[in-house]
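1. Predicted model, plus sequence, below.
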Amino acid sequence: IRMNALIERAAVARTKAVSTPDRRPKAPLAHYDVLIVGAGFAGSVLAERLASESGQRVLIVDRRPHVGGNAFDRLDHTGVMIHQYGPHIFHTNSAEVFAYLSRFTRWRPYEHRVLAQVGETLVPMPINRTTLNILFGLDLQNDEQAAGFLASRAEPVSVVRTSEDVVVSAIGRELYETFFRGYTRKQWGLDPSQLDKSVTSRVPTRTNTDDRYFTDTFQAMPLDGYTAMFERMLDHENIEVRTGVEYRDVARMVAHDRLVFTGPIDEFFDYRYGRLPYRSLKFRHETHPQETFQPVANVNFPDEATPFTRITEYKHLTGQMHPSTSITYEYPTAEGDPYYPIPRPENHALFKRYEALAAERPEVSFVGRLATYRYYNMDQVVGQALATYRKLAPSLKVSVSD
Ligand code: FAD
Ligand code: UDP
């Protein structure tokens, strides 16, 4: 309640400032050791570490009305668990990250499978031997035969630089056009030839019949959902959580020794060098009065004519039993919440200029997908946040409660 009053006063102060500048020095009204902006993975992991390991008094704010960042999940109007910002599937090779998160959740073993719709046919994606046999009416029996088939179609590329090069050089133009070109143009609003190779390199091609999307050692979904896991992570006497709160509204009202910023780095510096490009999505959530909608959690639509990229059916991820089922269509857009940093050399160069500004602010830690402008998965963000904590910890004095 106290914080809400402060925030209202901050908002009023900002409105006033337009007409009658108030230059009286304002006494800080509350003090925290650390102010954290953003309650996604980056912010929540740091809040938990700083509070429980270093005894820091933490205020964590998020402009959204909930914690969890993009991993936020909730029950929809019929009681089916959905992911508000699109499907989040947890997978990692890091035993450390998995063990850390396991303190806050039990898990449901889950291996993700994706089918791509090509014409009227659904085929495994990533492309594997089954995909090739179905599409080309072949009977490739083993890895060698499949590898030979792909090699006969691959087109040599002298320097593999872009997201087009990396696919065409491995599997040839026809498969590239069927599975990657249209999907990528929709997803990014750019041709794969304009995107760093790291983007399509996320999706392998296989010569075996493994039809899992990921091959990581740990693959599982939080048993009660992501939001419940975040709530447990943030449930600590040293952590105060405020949602629906803008950083700017709270910054001047709350004294803090350190700042952890997990929002867009260009926004933090008032877009001084111009805007970093982000790709956004519009989600169309639907509930259907039937038990299942599609055979797997994700069906991808790689053709350019279909305006959405994929449909997700959540019950495959969550294992929930329910007479209805909920699905989400993803429509990529230029405008909207910043979801994806766009990996291109010129964007990286612009980020580097912001990173140089960040280096002049040692009291601020920039962490997460938006603040470090990296196309990171959840486990990578957790790893980055844990590493940031390890760097900070030695310099922190344990706060003594008054
Ligand atoms: P975020 O989750 O974006 O959290 C940042 C928070 O900061 C936001 O909640 C935002 O509201 C808040 N904020 C920003 N600026 C301010 C401000 N000025 N004041 C107050 N609050 C502010 N990863 C996987 O591992 N597996 C997947 O299957 C997967 N699927 C994905 C699907 C989609 C559609 C998207 C977009 C991402 C997916 N990811 C997936 C990536 C995953 O979402 C991210 O790695 C992770 O959520 C990043 O966490 P974060 O804390 O860095 O950022
Ligand atoms: N991609 C594609 N066709 C597909 C799946 C992926 O062309 O059927 C490309 C596309 O450019 C996408 C990238 O590979 O952005 C990475 O795919 P991933 O599934 O990792 O995307 P994310 O889950 O991060 O949106």
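-> Thanks, I have it. For clarity, every value in this text was computed on a predicted model and none was experimentally measured. Ligands and ions are numbered 1, 2, ... in the order given.

2. The stretch 101-250 of the chain: strands as residue ranges?
-> 107-109, 114-118, 121-125, 218-222, 239-243 (DSSP state E, counting those that start in this stretch).

3. Please produce JSON lines containing the ones you listed, extended by distance to Gln290, mean neighbour count and mean pLDDT.
-> Just so you know, the C-beta spots here come from the backbone N, C-alpha and C atoms, and that holds for glycine as well. What follows is those, written out as JSON lines (distance: least, Cβ to Cβ, whole Å; neighbours: other Cβ atoms under 10 Å; pLDDT from 0 to 100):
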{"stretch": "strand 107-109", "distance to Gln290": "23", "mean neighbour count": "14", "mean pLDDT": "98"}
{"stretch": "strand 114-118", "distance to Gln290": "18", "mean neighbour count": "20", "mean pLDDT": "98"}
{"stretch": "strand 121-125", "distance to Gln290": "18", "mean neighbour count": "19", "mean pLDDT": "98"}
{"stretch": "strand 218-222", "distance to Gln290": "22", "mean neighbour count": "21", "mean pLDDT": "98"}
{"stretch": "strand 239-243", "distance to Gln290": "34", "mean neighbour count": "18", "mean pLDDT": "98"}
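
4. Any chance of the ones you listed in a markdown table with distance to ligand 1 as columns?
-> Supplementary listing: the strands of the stretch 101-250 of the chain in a markdown table, determined by distance: least, Cβ to the nearest ligand atom, whole Å:
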| stretch | distance to ligand 1 |
| --- | --- |
| strand 107-109 | 14 |
| strand 114-118 | 11 |
| strand 121-125 | 14 |
| strand 218-222 | 10 |
| strand 239-243 | 9 |
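
5. Tell me, please, where in this protein the pLDDT is lower than the cut-off.
-> 1-29, 398-402 (pLDDT under 70).

6. Would you mark the buried spots in the longest strand seen in it?
-> Determined from DSSP state E, the single longest strand within the chain is strand 278-288. Neighbour-count burial for strand 278-288, with 16 or more other Cβ atoms under 10 Å as criterion, is recorded at Tyr278, Arg279, Leu281, Phe283, His285, Thr287.

7. circling back to that earlier point, possible to save the strands of the stretch 101-250 of the chain as CSV with distance to Pro87?
-> Shown next, in CSV, are the strands of the stretch 101-250 of the chain (distance: least, Cβ to Cβ, whole Å):
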stretch, distance to Pro87
strand 107-109, 15
strand 114-118, 10
strand 121-125, 14
strand 218-222, 10
strand 239-243, 23
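
8. related to what we said a few turns ago, of the buried residues of strand 278-288, which are in range of ligand 1?
-> Filtering these for neighbours of ligand 1 using Cβ under 6 Å from any ligand atom leaves Leu281.

9. Adding distance to ligand 2, write the buried residues of strand 278-288 out as CSV.
-> Shown next, in CSV, are these (distance: Cβ to the nearest ligand atom, whole Å):
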residue, distance to ligand 2
Tyr278, 13
Arg279, 9
Leu281, 9
Phe283, 13
His285, 17
Thr287, 23
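
10. any idea which of the buried residues of strand 278-288 is the one closest to Phe72?
-> Phe283 (11.9 Å; Cβ to Cβ).

11. Near ligand 1, which residues of the stretch 1-150 of the chain are found?
-> Within the stretch 1-150 of the chain, the positions adjacent to ligand 1 are 37-43, 61-64, 69-71, 85-89 by Cβ under 6 Å from any ligand atom.

12. taking the residues you listed one by one, which sit in strands?
-> Counting by DSSP E, the part of these found in strands is Val37, Val61, Asp62.
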